[in-house]
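Asks: below is the structure, and that's it, no one-letter string:
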């Protein structure tokens, strides 16, 4: 087994090459600092069998500007190259203990002069090196020609041009590595890693290297048509998108469109899925009478359908974020909102992690690693869980749908936007409060490279969004399955005695184990205007937020009203009543649930990642406790207020 | 670089060099955004966003 590591500056195209080499689907974005942890994969079988003939491990590392690390993500790359940290934590250490056999240095052709600085440092680290120049498509578009021979002579290693879109140059990369660094090479042990040292340059030496790199880059580009440069388009777009006023207006418009589109663009597809699961439930119950049919129809299919119908929304959210990430626009927004973020103790570098929080808090919290200020990092990590992650989306969609129905999709979309902006406001308030308590005078650093704008690869974003939607289903799937079994059993039993008195499902449910246990927990949820059934669903949301919807669907689908309309969850919610005949789901109680979900920290994986990134359980558990306490308190206050106004 | 560099952390100065910035290099100020707290500069093919303090380190105060 041999190991090759990909090393290069941020946004140089390492992850794109990694995906080509390994067949992985790691996310690629046009934003510096998107990779914050190393990834490990194996050379694709097809490349391995056709060219390499040996097993090869590929390691993708976070981008670095030099071999002197200045942030946590850069430290990861440093450790991969110069320490054996990578392999100490390896679960399959027996099989995979080895050192880095070769380094693939990835250089962006459009930033060649600058990236040659890192190249020079890596040459001095004495690693066996292959240089790969990316962005081949861009330099071809501008009719530029690179003389690779000049670069080979100057760098003392082979140089290959690679096209990240079509994969041109991939075979050559593997052939070169195998020929030069694998065939006939003896396996070495971990101690070999320590033989390589990061060079330490004085500023004078570094200045000399900058001048060397500039000269070499000019020589290597034997033809360059500046009129066709991709920089021209970037410059034109920047005059609009970075305009002091128009820039903000456009940013706010893009975000509002994205958040509201999540609701109204997805609506037709959601209706279709809802109808499909409704028909499937009916079919199973009719054609499979008895307990098994009831469980499969009113239990399992209903629970799965409750979450599956939100797949279109998840897809649209990820597609929209993917579009923004791939264009190069996000780095501009980070710069644009540096000042407003500084008012709450954050900086422009916090923007992308916060935006990522709208998809999922876990990678978003990890993305804070490239924030240099400790204070800013802690604040960003603490408020990311407030951002409206995709797991909240089904809950919001259900409750907003309940409030406004399908007849007012535009208004519902507007309210959905409000939920997103409300989360931002809550996050801003929390950030301001935290910045007051965290005494750290270290200045927050912005210093951000603004990449060239690039045309989004819709196909790639489409496939990535499909993969995200699939993972949403598969993550929630097992939890829903277990919950379906437990809740169906708990709401349908004990049964034998009751069947003698009444055969109605509602009668069974009222005497069920769940109802008996529910009486104990109901006092907690009464101030929220909810009964034990919604309380159970709120508790189940701590397994995964989206499970709230399935749980409601399961618990409220036990009423045998005979009206097919009521099989839709919002229909059932509209008629659900307390024992005294009053409605459970009113505007007040639904707003209360929305507020609770907006603030509460229910995701255990997020708590675990907070602990890992903050280095202690204490802040993570404090956040868990206070978020849920504040969420409950504010929800109760809102419900009381709205009830007083007659809602 | 100006005298301001003496008051800034060495890591930032090192990072400027890593990015290809060095004394005597001609840079173009492309825009001042975010209520003038962020300066966009261009040199060669590189475009960078710097906050006020970082820019002052390069060129003196705004």
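Replies: Alright, I've got the coordinates. Keep in mind that this is a model prediction, so the values were computed, not measured.

Asks: and the helix or strand bottoming out on mean pLDDT in chain B, what's buried?
Replies: One helix or strand of chain B scores below all others by mean pLDDT, DSSP states H and E: helix B:52-59, with a mean of 85. Under the neighbour-count criterion of 16 or more other Cβ atoms under 10 Å in any protein chain shown, helix B:52-59 has B:52-58 buried. Every residue, glycine included, has its C-beta placed from N, CA and C.

Asks: residue A:259 is in contact with residue A:397, correct?
Replies: No - in this structure residue A:397 lies outside contact range of residue A:259 using Cβ atoms under 8 Å: 12.0 Å.

Asks: what do the two both touch?
Replies: residue A:416 (Cβ atoms under 8 Å, 6 or more residues apart in numbering or on different chains).

Asks: would you reformat the buried residues of helix B:52-59 as CSV and include distance to chain A?
Replies: CSV is the format used below for the buried residues of helix B:52-59 (distance: Cβ to the nearest Cβ, whole Å):
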residue, distance to chain A
B:52, 9
B:53, 6
B:54, 5
B:55, 10
B:56, 11
B:57, 10
B:58, 10
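
Asks: for the residues you listed, which one is nearest residue A:15?
Replies: residue B:54 (27.2 Å; Cβ to Cβ).

Asks: next, count neighbours for the closest residue to that closest one other than its chain neighbours.
Replies: Nearest non-adjacent residue to residue B:54, counting by Cβ to Cβ, 6 or more residues apart in numbering or on different chains: residue A:447, 5.4 Å away. Residues near residue A:447, counting by other Cβ atoms under 10 Å in any protein chain shown, number 21.

Asks: how far away is residue A:447 from residue A:387?
Replies: Distance of residue A:447 to residue A:387, computed by Cβ to Cβ, to the nearest Å: 25 Å.

Asks: check residue A:355 too.
Replies: On the measure of Cβ to Cβ, residue A:355 and residue A:387 end up 8 Å apart.

Asks: between those two, which contacts overlap?
Replies: residue A:364.

Asks: neighbouring contacts of the helix or strand harbouring residue A:139?
Replies: When elements are assigned from DSSP states H and E, residue A:139 belongs to helix A:136-141. Outside helix A:136-141, the residues that touch it by Cβ under 8 Å, 6+ apart are A:109-110, A:145-146, A:161-166, A:168-169, A:228, A:230, A:452.

Asks: what do you get if the cut-off is 7 Å, keeping everything else the same?
Replies: With contact meaning Cβ atoms under 7 Å, 6 or more residues apart in numbering or on different chains, helix A:136-141 is reached by A:109-110, A:146, A:161-163, A:165, A:168-169, A:228, A:230.

Asks: right, and the helix or strand after that helix?
Replies: Assigned by DSSP H and E, the successor of helix A:136-141 is strand A:145-146.

Asks: that next one near chain B at all?
Replies: No - using Cβ under 7 Å from any Cβ of the partner chain, strand A:145-146 stays clear of chain B, coming no nearer than 13.7 Å.

Asks: how far is that strand from where the chain is centred?
Replies: Computed by Cα atoms, centre = their mean, to the nearest Å, the chain-centroid distance of strand A:145-146 equals 37 Å.

Asks: that one pairs with which strands?
Replies: Paired with strand A:145-146 in the same sheet, following DSSP bridges, are strand A:221-223 (antiparallel).

Asks: what residues sit buried inside the strand it pairs with?
Replies: residue A:221.

Asks: could you list every helix and strand in contact with whatever helix or strand comes next after that strand?
Replies: Counting by DSSP H and E, the next helix or strand C-terminal to strand A:221-223 is helix A:230-241. Judged by 3 or more Cβ pairs under 7 Å, 6 or more residues apart in numbering or on different chains; DSSP states H and E, the packing partners of helix A:230-241 are helix A:246-264, helix A:329-336.

Asks: can you redo the ones you listed as CSV with mean pLDDT?
Replies: Listed next are those as CSV, based on pLDDT from 0 to 100:
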stretch, mean pLDDT
helix A:246-264, 87
helix A:329-336, 92
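
Asks: make CSV from the ones you listed and add mean neighbour count and distance to residue A:214 to it.
Replies: Listed next are the helices and strands packed on helix A:230-241 as CSV, based on neighbours: other Cβ atoms under 10 Å in any protein chain shown; distance: least, Cβ to Cβ, whole Å:
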stretch, mean neighbour count, distance to residue A:214
helix A:246-264, 17, 32
helix A:329-336, 25, 24
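
Asks: just so I know, which of the ones you listed lies nearest chain B?
Replies: Distance to chain B, taken as Cβ to the nearest Cβ, is lowest for helix A:329-336 among these, at 3.6 Å.

Asks: by contact count, what packs against the closest one?
Replies: If contacts are counted by 3+ Cβ pairs under 7 Å, 6+ apart, helix A:329-336 sits against helix A:230-241, helix A:246-264, helix A:351-356, strand A:448-449.

Asks: do you know how far the most centrally placed residue in chain B is from residue B:49?
Replies: With distances taken as Cα atoms, centre = their mean, residue B:55 lies nearest the centre of chain B, 3.7 Å away. Going from residue B:55 to residue B:49 by Cβ to Cβ gives 10 Å.
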